[in-house]
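**Student:** A structural model of the following input is requested.
(one chain, ligands or ions: 1)
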Amino acid sequence: MIIRSTDDIAPSEITPQAVHARRRELMVALGAGLAGGVLGARSAAAAETPQAELLDGVTRGRFATSEAQTTFKDATSYNNYYEFSTDKYSPAGLAKRLRVRPWEVVVDGEVARPRTIGIDELLRLPREERIYRMRCVEGWSMVIPWVGFEFARLARLVEPTSKARYVEFITASQDTMPGLSYRVLDWPYGEGLRLDEAMHPLTIMAIGMYGQVLPNQNGAPIRLVVPWKYGFKSAKSIVHIRFTATQPGTAWNKAAANEYGFYSNVNPEVDHPRWSQATERRIGEFRKRPTLPFNGYAEQVASLYTGMDLRKNF
Ligand code: MTE
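**Tutor:** Below you'll find the model as predicted:
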């Protein structure tokens, strides 16, 4: 398998204009933060951001929503990352300790060519920007410009066998993670998809956002992004991907099976036992908006579930 190098493509030819513009803004913000004697809260935060490493060679991807994007600040300061904290404002600071190098992803199970792939090889795969709506099960949503590649591309590197029907995603456990001493979830955080869901072109492995390397609190160095499912399916900081014949266990399903099903497709008609899923609040907005079936991606993915009772398979 030959990995095409993106080095020979001039970034100016293919980087979306929006990424260029944000890059300029970021450079200005970083410059101001570093040069200024007295730092304002905003520029201080920008100067402190250790993940300001910009990604080149990002092409514009399919399925981009034109809705207003969540600010970088909101997307990187209001997070769910339970290995660090169950509080949403703490991962931004605590996850600075996450060790993101060296990093390898073991890809095995029902595949013809199991492999351990170094992160730098994954970072060389052609990357594109996908601007996705993301809906958290707790009722808030964001619009995030991810940078990544389709999961199907990674699957082709290992050649799933005919026995493979599901994919399990297992995430990092490190001594840098204070949350692991609390048994709120069965660590390591694991997630799963049916093989056809994983292979759907909407499913990506993200290595960046907002034209930058993925911030630690958002799941560096590599995470799953499945935009038609509740946010908890999009597992962060993945170290192991296993193709399986049987449905894998998943962190939230193991914690509360009556509340979090295996599928977890965004569905305004199926309430969480403790709250409605009919509306959501976009971070940065005050009014609530209606939640859309499959988070607005029904046209692309509804056919994956033809004939299934989505109330039972929630
Ligand atoms: N992945 C790991 N490893 N640990 C987590 O706690 N939280 C999930 C998901 N992936 C989580 C995780 C939940 S509940 C959500 S809503 C999203 O990450 C949040 O992603 P974000 O912080 O980038 O918005």
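**Student:** residue ranges of the strands in the stretch 201-314 of the chain, please?
**Tutor:** 204-209, 212-213, 223-225, 238-244, 279-282, 289-290 (DSSP state E, counting those that start in this stretch).
**Student:** if we compare the ones you listed, which one ends up closest to the ligand?
**Tutor:** The closest of these to the ligand is strand 223-225. By CB to the nearest ligand atom, the value is 6.9 Å. To be clear about C-beta, it is placed using only N, CA and C from the backbone, and glycine gets the same treatment.
**Student:** Parallel or antiparallel, list what pairs with the helix or strand hosting Thr59.
**Tutor:** For Thr59, the element it lies in under DSSP states H and E is strand 58-60. Strand 58-60 has the following sheet partners, assigned by DSSP bridges: strand 127-135 (parallel).
**Student:** State the mean pLDDT of the strand it pairs with.
**Tutor:** Across strand 127-135, pLDDT averages out at 98.
**Student:** Between its first and last residues, how far does stretch 269-284 reach?
**Tutor:** Distance between the two ends of stretch 269-284: 25 Å, counting by CA to CA, to the nearest Å.
**Student:** Could you do stretch 108-115 as well?
**Tutor:** End to end - CA to CA - stretch 108-115 spans 6 Å.
**Student:** closest one to Lys163 among the strands of the stretch 201-314 of the chain?
**Tutor:** Proximity to Lys163, assessed across the strands of the stretch 201-314 of the chain by CB to CB, is greatest for strand 238-244 (8.3 Å).
**Student:** quick revisit: redo the strands of the stretch 201-314 of the chain as CSV? Include distance to Thr176.
**Tutor:** Output for those, formatted as CSV (distance: least, CB to CB, whole Å):
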stretch, distance to Thr176
strand 204-209, 20
strand 212-213, 18
strand 223-225, 17
strand 238-244, 14
strand 279-282, 32
strand 289-290, 37
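**Student:** winner for burial among those?
**Tutor:** Across these, the average number of neighbours (mean count of other CB atoms under 10 Å) peaks for strand 204-209, which reaches a mean of 25.
**Student:** Which elements pack onto that strand?
**Tutor:** For strand 204-209, the packing partners by 3 or more CB pairs under 8 Å, 6 or more residues apart in numbering; DSSP states H and E come out as helix 119-123, strand 127-135, strand 140-150, helix 151-158, strand 223-225.
**Student:** and it, what's its mean pLDDT?
**Tutor:** pLDDT averaged over strand 204-209 gives 98.
**Student:** For Asp196, give its distance to Tyr166.
**Tutor:** Distance, Asp196 to Tyr166, by CB to CB, to the nearest Å: 10 Å.
**Student:** So for the two, which sits in the more crowded spot?
**Tutor:** Tyr166 (21 against 13; other CB atoms under 10 Å).
**Student:** Near the ligand, which residues of the stretch 1-150 of the chain? Just list them.
**Tutor:** Asn79, Asn80, Tyr81, Tyr82, Glu83, Cys136 (CB under 6 Å from any ligand atom).
**Student:** what's the closest non-adjacent residue to the third one?
**Tutor:** Read it as Tyr81. Using CB to CB, 6 or more residues apart in numbering and skipping the chain neighbours, the partner closest in space to Tyr81 is Pro91 (3.9 Å).
**Student:** Do a quick rundown of the helices in this protein.
**Tutor:** 11-14, 17-35, 41-48, 72-77, 91-94, 119-123, 151-158, 195-198, 251-255, 298-301 (DSSP state H).
**Student:** Just give me the neighbour total for Arg183.
**Tutor:** 9.
**Student:** who's in contact with it?
**Tutor:** Shown in contact with Arg183 (CB atoms under 8 Å, 6 or more residues apart in numbering): no residues.
**Student:** And Pro227, by the same measure?
**Tutor:** Contacts of Pro227 by CB under 8 Å, 6+ apart are Phe63, Tyr132, Arg133, Met134, Leu202, Asn295, Tyr297.
**Student:** picking that back up, the residue nearest to Tyr81 touches Phe84, doesn't it?
**Tutor:** Yes. Here Pro91 reaches Phe84: they are 4.5 Å apart, a contact under CB atoms under 8 Å.
**Student:** quick one, which of those two is more surrounded?
**Tutor:** Set side by side, Pro91 and Phe84 show more neighbours around Pro91, with 28 against 25, by other CB under 10 Å.
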